[in-house]
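Peer 1: Structure, please.
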Amino acid sequence: MKPRPFFKRLLVPLDGSPEAEAILPVLPGLLSRTTSEVILLQAVPFMATLLRLPVSLTNDPGRDESDTSDSRRYLDEIAKRLRSQGIFARGIVRIGAGAETILEVAREERVTLIAMSIHAPSRMTHFLHASVTEKALRASKTPFFIIHVTSDGIPTKLPVPRSGEPGFRDILVPLGSGPVTLGILPFALRMARLFGSRLRLLHVLEPHDDPQMIQRLLKTASALSTAEGVPSEETLRPGDPRGEILAAARELPTDLIAMATHGLPATRSQGPLGNVPWSLVEESPWPVLLVRGAEPPDENAAEGGTGRPPELLKA
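Peer 2: So this is what the prediction gives:
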């Protein structure tokens with residue numbers, strides 16, 4: 001029997017484009033269909049509401065011309081489609097800026113995961129969309145699950161086994177040089193238990209690293225995986241973290257990259273996402289599970305659990 005996933009309440013931002021909707025077919029594989037729910041969100045820019053004609057100025061008094069009517073109809077249709085697949089779904093429409101609205105609704109609804117797609121870097125609209133994504137990523141305490149899509153809404157790298165649902169059989173877990181980087185493990189292990197995955201624990205060795213400390217960190221991560229019944233492999237390679245993580249993903253079987261934003265190097269990059277985690281979110285064609293901070297969401301609080309991760313690294 002598969003364990004109940006920690007993806008208990010998902011927030012899915014949508015803008016009506018095929019690129020944004022590409023995340024929808026992935027949802028069944030991330031959810032427990034009896035306990036999970038999907039909250040669909042569309043943020044309507046304030047300026048867009050000023051362009052709508054009031055009903056009194058139209059020739060059809062019976063037509064609904066409220067500021068958010070089109071968005072509500074759109075989300076209702078998506079929610080209906082998901083409910084037909086056995087997924088509890090509902091829509092929320094807010095007037096406001098994209099990133100701020102995502103963060104606001106995530107807090108209010110106590111979501112456990114924000115799932116979205118971002119465009120492959122091929123046009124200016126990608127840069128603008130990435131800017132919204134980056135703002136939300138940097139400020140949110142909620143984990144993000146991100147897939148990359150082409151301008152046609154086609155995922156660039158998404159494993160789809162015979163069942164029709166994505167199976168993340170090999171999860172690459174980049175680890176930094178301090179205990180805080182192990183904050184990704186509770187999330188990666190839950191993902192691994194759900195999909196029957198193997199964790200590929202990776203550290204990119206830099207000149208200032210303490211090799212003995214890094215070996216202890218990798219051994220600790222491996223021991224925690226073994227304790228959870230999840231197979232793992234350790235990889236240590238020198239070089240630039242950003243480039244070597246992507247190189248490892250290409251060379252090793254990889255279906256998902258899971259990492260914490262804390263504990264990885266803050267090397268600057270050329271893209272709109274600044275340090276190593278943000279750069280990988282933009283550049284990786286593989287799906288990314290990104291966690292800010294070290295504590296997983298306390299989804300068990302209402303059921304008497306603690307929701308806390310195990311002690312990760314002893315001195």
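
Peer 1: Neighbours of S140, how many?
Peer 2: S140: 21 surrounding residues under other Cβ atoms under 10 Å. Bear in mind the C-beta positions are built from the backbone N, C-alpha and C, glycine included.

Peer 1: OK, contacts around it?
Peer 2: S140 makes contact with 102-103, 106, 114, 292, according to Cβ atoms under 8 Å, 6 or more residues apart in numbering.

Peer 1: Repeat the analysis, applying 6 Å as the threshold.
Peer 2: Contact analysis of S140 by Cβ atoms under 6 Å, 6 or more residues apart in numbering lists L103.

Peer 1: where does it fall, phi/psi-wise?
Peer 2: Note on S140: its backbone torsions stand at phi -80, psi 140 [degrees, to the nearest 10].

Peer 1: what's the answer for I78, then?
Peer 2: Torsion angles at I78 (phi, psi; degrees, to the nearest 10) stand at phi -60, psi -40.

Peer 1: K135 touches G98, doesn't it?
Peer 2: No - using Cβ atoms under 6 Å, K135 makes no contact with G98, being 8.0 Å away.

Peer 1: These two: who's more crowded?
Peer 2: Neighbours per residue (other Cβ under 10 Å) separate K135 from G98, with G98 holding more: 22 against 16.

Peer 1: how about the nearest residue to the more buried one, chain neighbours excluded?
Peer 2: Closest residue to G98 apart from its sequence neighbours, by Cβ to Cβ, 6 or more residues apart in numbering: V132 at 4.2 Å.

Peer 1: how near is the one you found to L113?
Peer 2: In this view, V132 and L113 are 18 Å apart by Cβ to Cβ, to the nearest Å.

Peer 1: Neighbour count: these two, which is higher?
Peer 2: Neighbour count, other Cβ under 10 Å: between V132 and L113, L113 has more, with 25 against 20.

Peer 1: Correct me if wrong: the more buried one contacts I146.
Peer 2: No - between L113 and I146 there is no contact under Cβ under 6 Å: 10.7 Å.
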